[in-house]
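1. The following block contains a protein sequence and its predicted model.
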Amino acid sequence: MPPSEFKLYDTLSRQVKPIETAEPGHLRFYTCGPTVYSYAHIGNFRSFLAADLVVRTARALGWRVTWVSNITDVGHLTQDDVADAGGEDRMEKALHSKEGEQFANVWDLAEYYTQAYLEDWQRLNLTEPEVRPRATQHVREQILMAQALVEKGNAYETPTGVYFDVESQPDYGKLSGNTRDKLQEAVRDVVLDENKRRQADFALWKKDDKHLMQWFSPWGWGFPGWHIECSAMARAYLGDTIDLHSGGEDNAFPHHECEIAQSEAFTGKPFSNHWMHVRFLQVEGEKMAKRAGNFFTVRDLLEKGFDPLALRFALMSVPYGKPMNFTLQLLRDAQGHVERFRECERRVAVAGGSTPPSVSPGTNPFEDTERVALGDELQRLYEGALDAMANDLNTSVAIAKSLEGAKAILREPSLTPAQARAAATYLDQVNGLLGVVRSEHEPSGPPPAAETPTVDGRTVDAWVGLRDEAKRAKDYAAADAIRARLAEAGVELRDSPEGTTWALRPGG
RNA sequence: GGCGCCGUACCCAAGUGGUUAAGGGAAGGGUCUGCAAAACCCUCAUCCGGCGGUUCGAAUCCGCCCGGCGCCUCCA
């Protein structure tokens, strides 16, 4: 029996509670995507992965999911609500950095990093959202929303822009706890902008006819504020009230708080019924921050020879709601787990391929009992994994169950056709839920040669062939020399009765 | 000052009132193997940061203490 509820911690009500969809069995879900001014790092992807797991779990429960995740391809200021003079545009800053010199303008830069983001997304085997709106393609909606908020008295124009008046929304602060009165006693020293009525007021529109990305508005040339884009795009694709909204924990304030204020002022309805925030991860015990420069991108780790699915596996080994310490050791462990699933697939293929599916050799009652036992056990384990996921995305438990299933499959010296079918079903189910068995975007196996220039698959195969000949001739010295040589290149050999396979030993 | 999280074996980590405290890694032993590796099997916390309390019963609830951490307008 699949669980009937999907429980998630809700930041707004500060409790774990079932997701309630406005339309039964249909989840409308919005995830804040990245600002594409550089490569996204693994911390970003921990957040997107958590969202992907929400989608996979919901679908495993039989729900329909409409998932929207934006791409912020417009700059915004590094100090968003501080005096305009103090802000520096993130895109512009990136363009003037060393890596940015290769781009002709901010539009090219944004496009380049958008493509890189989508590549990494696929490599981590993330589900493709139904819609990926780009902020620059929805400026019109953003202007209209800002205009309406001015008309309703929730926003006002100043010489530098259009600002949302937080006093007009009495429950401003309900998500983060940074209510209006508490914000006033904030200990942070903030630059005062005399154009704003209150320091906490945030920009819906910035007037700037020198900005590298600018649009024409009722207030002249300029660009939209950061928070308004998500309000506009979420509403455009998912309606006035969405079921679930996710993002990194830093998004809770100010971004999501401001989204709530704008959207609820605009529609008069709740913006999102459920809020999910993913905790930051640390790397080797240290905080990962762009300024500190100690962050890994997805491509950094793949270049070290790690399997993309192993990275995915490692990133979900600690539930999203807890801070996680990402280590290379964790990634090495994950590599082993992914290979274990591959071994399961290989054995299923061997068992399934050698016997016609119509023939059922269930003549041995003992063997038949064993078959039923394995199928039942796998089914029980999969349901355990789904249960865990439906309980606030408990990935630690889901992973444990999935590995127990792999263990059960590998325990069988050879699979009967019926067992192979049960195993294949199990692997499909686990892959649908967790996405760690095989990628939907590229064939399984070692990373392509382009990413590991020191190892050429065909050369390795040739050496393996030579070693086999040496072994058959009982020339073990030669065989071991080849094995040693391949080991130096990071290739690990695995002999089995069916022949020799090899895998890259990552981390070099 | 505000909001929030965590302290479980050598390491990561699940567990949220009641059978023998999941799972993984490491380690030790074994099977297999020409030898290895991989795979598989076995072993590996009478105990859950400390002290009180509630309860027939707590790692799990409450209080206090000790220790670690995140966010609070660059960040997912």
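-> Cool, got the structure.
2. Check whether A:Gly62 really touches A:Leu27, as I assumed.
-> No: taking contacts as CB atoms under 8 Å, A:Gly62 lies outside contact range of A:Leu27: 11.1 Å. To be clear about C-beta, it is placed using only N, CA and C from the backbone, and glycine gets the same treatment.
3. Between those two, which has more neighbouring residues?
-> Per other CB atoms under 10 Å, whichever of A:Gly62 and A:Leu27 has more neighbours is A:Leu27, with 24 against 8.
4. mind listing what's buried in the one helix or strand the more buried one maps to?
-> Per DSSP states H and E, A:Leu27 falls inside strand A:26-31. For strand A:26-31, a neighbour-count test (16 or more other CB atoms under 10 Å) marks A:27-31 as buried.
5. swap in stretch A:390-408?
-> Here stretch A:390-408 shows A:390-395, A:397-399, A:401-406, A:408 as buried, counting by 16+ other CB under 10 Å.
6. Tell me which two of the residues you listed sit farthest apart.
-> A:Asp392 and A:Ala408 (26.2 Å; CB to CB).
7. Next, A:Leu393: secondary structure please.
-> Here A:Leu393 is recorded as coil under DSSP: H, G, I helix; E, B strand; the rest coil.
8. I'd guessed it sits against A:Pro319; true?
-> Yes: when contacts are counted by CB under 8 Å, A:Leu393 is listed as touching A:Pro319 (6.1 Å).
9. Check what contacts the strand holding A:Leu27 and list those residues.
-> A:19, A:21-22, A:47-48, A:51, A:54-55, A:58, A:63-70, A:129, A:230, A:233-234, A:238-239, A:242-247, A:272 (CB atoms under 8 Å, 6 or more residues apart in numbering).
10. picking that back up, out of the buried residues of strand A:26-31, flag the one nearest to RNA strand B.
-> When the buried residues of strand A:26-31 are ranked by distance to RNA strand B (CB to the nearest atom of the strand), A:Thr31 comes first, at 9.1 Å.
11. what separates the closest one from A:Val16, distance-wise?
-> 20 Å (CB to CB, to the nearest Å).
12. residue ranges with poor pLDDT in chain A?
-> A:1, A:76-88, A:183-194, A:289-294, A:353-372, A:442-456, A:497-498, A:504-508 (pLDDT under 70).
13. Residue of it nearest RNA strand B, please.
-> Residue of chain A nearest RNA strand B, by CB to the nearest atom of the strand: A:Gly248 (1.2 Å).
14. That residue - how many residues pack around it?
-> With other CB under 10 Å as criterion, A:Gly248 counts 19.
15. A:Leu55 belongs to a helix?
-> For residue A:55 the amino acid is Val, not Leu. Yes: according to three-state DSSP, A:Val55 belongs to a helix.
16. That one reaches A:Thr127, doesn't it?
-> Yes: between A:Val55 and A:Thr127 there is a contact at 5.1 Å, judged by CB under 8 Å.
17. Not counting residues beside it along the chain, what's closest to A:Ala236?
-> Leaving out its chain neighbours, the residue that sits closest to A:Ala236 by CB to CB, 6 or more residues apart in numbering is A:Glu141, at 5.7 Å.
18. Let me see the contact set for that neighbour.
-> Taking CB under 8 Å, 6+ apart as the test, what A:Glu141 contacts is A:232-233, A:235-236.
19. where does A:Gly43 land in three-state SS?
-> Applying three-state DSSP: A:Gly43 is helix.
20. which among the buried residues of stretch A:390-408 gets closest to A:Gly384?
-> Once CB to CB is applied, the member of those that ends up nearest A:Gly384 is A:Lys401, at 4.3 Å.
21. Might one say that the closest one is in contact with A:Ala385?
-> Yes: using CB under 8 Å, A:Lys401 makes contact with A:Ala385 at a distance of 4.0 Å.
22. coming back round to it: roughly how far out does the strand holding A:Leu27 sit from the chain middle?
-> Centroid separation between strand A:26-31 and its chain, computed with CA atoms, centre = their mean, to the nearest Å, is 15 Å.
23. coming back round to it: for A:Arg494, state which of the buried residues of stretch A:390-408 is nearest.
-> A:Ala406 (16.4 Å).
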